[in-house]
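Sequence and predicted structure below; questions after.
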There are 2 protein chains.
Amino acid sequence: MQADTKTALLDLAERAVRSRGYDGFSYADLARAQGIRKASIHYHFPTKADLSQNLMARYHTRFEKQLLRINAHHDRPEDRLDALVKLYRDALNNGQTLCLCVAFSGSHDSLAQPVRAQIRAFRQMVVDWIAANLPSTCDDQGSQAQGILAQLEGAHLAARMSEDVSLFDAATATLVARVRS
Amino acid sequence: MQADTKTALLDLAERAVRSRGYDGFSYADLARAQGIRKASIHYHFPTKADLSQNLMARYHTRFEKQLLRINAHHDRPEDRLDALVKLYRDALNNGQTLCLCVAFSGSHDSLAQPVRAQIRAFRQMVVDWIAANLPSTCDDQGSQAQGILAQLEGAHLAARMSEDVSLFDAATATLVARVRS
DNA sequence: ATTTGCCTACCTACTGGTAGGTAGAGTCCA
DNA sequence: TGGACTCTACCTACCAGTAGGTAGGCAAAT
């Protein structure tokens, strides 16, 4: 089952990047975890850059789908923002993993150019969604959205460092309140 | 000049961690940059964990001093917050480096326990300073402060990924405005 | 018969860390 | 004054282990 192994490898790699960083995991780790040999990983993903691109592409589409689901389930801007915060909260996995985008950002210099572009595109996609779902009374929706995403990602970092999701809650408590006001 | 070399190594290592991450630099890199042999680095800092501890300790005291300087130069809470934002902006080095604390956070699993504790202590120190310098009209100063630090660190990530300091400006534009209101 | 998905076996370069040595400066005692 | 000793700050040479990556083979499925 090619597809199964490939997907399993992506799952393992995603968890690895999000918990240990891009420079913190190796093909050997992946091979061990999946129970196959290192060379077989190269069959599915010739290079680490290639693996990373697949990782980001999948993450992008998956995340975008979740944003659309939020739109489908909630009408009011405040509720949509609430749901976004919850989405990021879940992504934390109890303080064990960062958002893939945040995890990659720390290893900027080690990343291949296409991956960097994908990360920028991902951020822009999320910022655009936030901006579009801000109450129309907000002024300067662009900076508002950038600020909100920054706060969400920073809250991830804080919670990850203490392995404590309550730090995420504390750091985002003001978020929705700010938008409502 | 023992002190000079040791300081130079700390400077190099700090830049390395902040631009490439903890798992993204090696003793060999440092040795090359300083023009001495790898083994000589081990003379000054027996292990990488030891080096990291020195790094964080120095960063903590230096940063704390800068916060005290802000207090000495500004009286109004808004001005102090403004100065803090400027401090983080400068730390970005034009999108080339993260805050040391953020840079370490992504490699959580690779860090020695004492270093993790130092990072948590650093964050707490900054949060306490922010909380203490919030307008007294603010309610829930704890979450406010956590939220502000998160936004600053998230803004760092955004700017780092695009190597563009203007993203930091966009992501922090709402910050002081929020406190003033 | 070819493709798929894995394997063994290997490569070069590098990882953090260690063993043991040495030039030179400073200190201490006679 | 000069020999004995110690300390600093570096060195060469090495260790086991790991990094990402490659060449070529083999069995099963299509």
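Yep, it's here.

mind listing the helices for chain A?
Per DSSP state H, chain A carries helices over the ranges A:2-20, A:27-34, A:38-44, A:48-73, A:77-91, A:100-105, A:113-132, A:141-162, A:165-180.

Off-centre distance for stretch A:131-147?
Taking C-alpha atoms, centre = their mean, to the nearest Å, one finds stretch A:131-147 lying 21 Å from the centre of the chain it belongs to.

is any part of that stretch close to chain B?
Yes - with C-beta under 8 Å from any C-beta of the partner chain as the criterion, chain B is reached by stretch A:131-147 at A:140, A:142-144, A:146-147. In this view, the C-beta of every residue, glycine as well, is placed from N, C-alpha and C.

Which of the residues in that stretch are classified as buried?
A:131, A:133-134, A:138, A:141, A:143-147 (16 or more other C-beta atoms under 10 Å in any protein chain shown).

And for it, what's in contact with it?
Defining contact as C-beta atoms under 8 Å, 6 or more residues apart in numbering or on different chains, one finds that stretch A:131-147 is touched by A:71, A:77-78, A:80-81, A:84, A:127-128, A:130, A:179-180, B:151, B:155, B:158, B:167, B:170-175.

Check those for burial and list the buried ones.
Members of the contacts of stretch A:131-147 that pass the buried threshold by neighbour count (16+ other C-beta under 10 Å) are listed as A:77, A:80-81, A:84, A:127, A:130, A:179, B:151, B:155, B:158, B:167, B:170-175.

Out of the buried residues of stretch A:131-147, which one has the lowest pLDDT?
Within the set of those, pLDDT is lowest for residue A:138 (76).

sorry, back to before: out of the residues of stretch A:131-147 next to chain B, which one sits closest to residue B:34?
Checking the residues of stretch A:131-147 next to chain B against residue B:34 with C-beta to C-beta, the nearest one is residue A:146 at 38.3 Å.

Relative to DNA strand D, how far out is the closest one?
Here the criterion is C-beta to the nearest atom of the strand, to the nearest Å. By it, residue A:146 lies 32 Å from DNA strand D.

Just the local confidence number for the residue nearest to residue A:150 when sequence neighbours are not counted, please.
Excluding the flanking residues, the one nearest residue A:150 by C-beta to C-beta, 6 or more residues apart in numbering or on different chains is residue B:154, at 3.1 Å. Residue-level confidence at residue B:154 comes out at 98, pLDDT.

How about the contacts made by residue B:154?
Residue B:154 makes contact with A:149-155, A:157, B:171 under the criterion C-beta under 8 Å, 6+ apart.

tell me which of those residues is nearest to DNA strand D?
For the contacts of residue B:154, the residue nearest DNA strand D by C-beta to the nearest atom of the strand is residue A:157; the value is 23.1 Å.

I figured the closest one hits residue B:99, correct?
No - proximity of residue A:157 to residue B:99 does not meet the contact threshold set by C-beta atoms under 8 Å, at 9.9 Å.

Find residues that contact each of these two.
Shared contacts of residue A:157 and residue B:99 (C-beta under 8 Å, 6+ apart): residue B:153.

Those two - which one has more neighbours?
Under the criterion of other C-beta atoms under 10 Å in any protein chain shown, the comparison of residue A:157 against residue B:99 puts residue A:157 first, with 30 against 24.

which ones are touching the more buried one?
When contacts are counted by C-beta under 8 Å, 6+ apart, residue A:157 touches A:98, A:102, B:102, B:105-106, B:150, B:153-154, B:157.

about what we covered before: quick one: closest of the helices of chain A to DNA strand C.
Evaluated with C-beta to the nearest atom of the strand, the helices of chain A place helix A:2-20 nearest to DNA strand C, the distance being 1.7 Å.

okay, the angle between the closest one and helix A:27-34?
An angle of 120 degrees separates the directions of helix A:2-20 and helix A:27-34 when computed by axes from the mean of the first three to the mean of the last three C-alpha atoms, to 10 degrees.

can you list the weak-confidence ranges in chain A?
Residues of chain A that meet the criterion pLDDT under 70 lie in A:1-3, A:181.

what does it put close to DNA strand D?
Taking C-beta under 7 Å from any atom of the strand as the criterion, the neighbours of DNA strand D within chain A are A:25-29, A:38-39, A:42, A:46-49.

For residue A:93, grab the count of nearby residues.
Other residues within reach of residue A:93, judged by other C-beta under 10 Å, total 14.

Give me the distance between it and DNA strand C.
Distance, residue A:93 to DNA strand C, by C-beta to the nearest atom of the strand: 26 Å.

Can you report phi and psi for that residue?
For residue A:93, the backbone dihedrals are phi 50, psi 50 (criterion: degrees, to the nearest 10).

what does the one 4 residues further on give?
According to degrees, to the nearest 10, the main-chain angles of residue A:97 amount to phi -140, psi 150.

show me what contacts it?
Contacts were defined as C-beta under 8 Å, 6+ apart; by that measure residue A:97 touches A:15, A:18-19, A:91, A:103, A:160.

Recalculate using a threshold of 10 Å.
Residue A:97 sits next to A:14-20, A:91, A:103, A:156, A:160 when contact means C-beta atoms under 10 Å, 6 or more residues apart in numbering or on different chains.

Okay, it and residue B:105: tell me how far apart.
Separation of residue A:97 from residue B:105 (C-beta to C-beta, to the nearest Å): 12 Å.

shared neighbours of these two, which are they?
With contacts defined as C-beta under 10 Å, 6+ apart, the residues adjacent to both residue A:97 and residue B:105 are A:156, A:160.

Since that was my last question, I'll sign off now.
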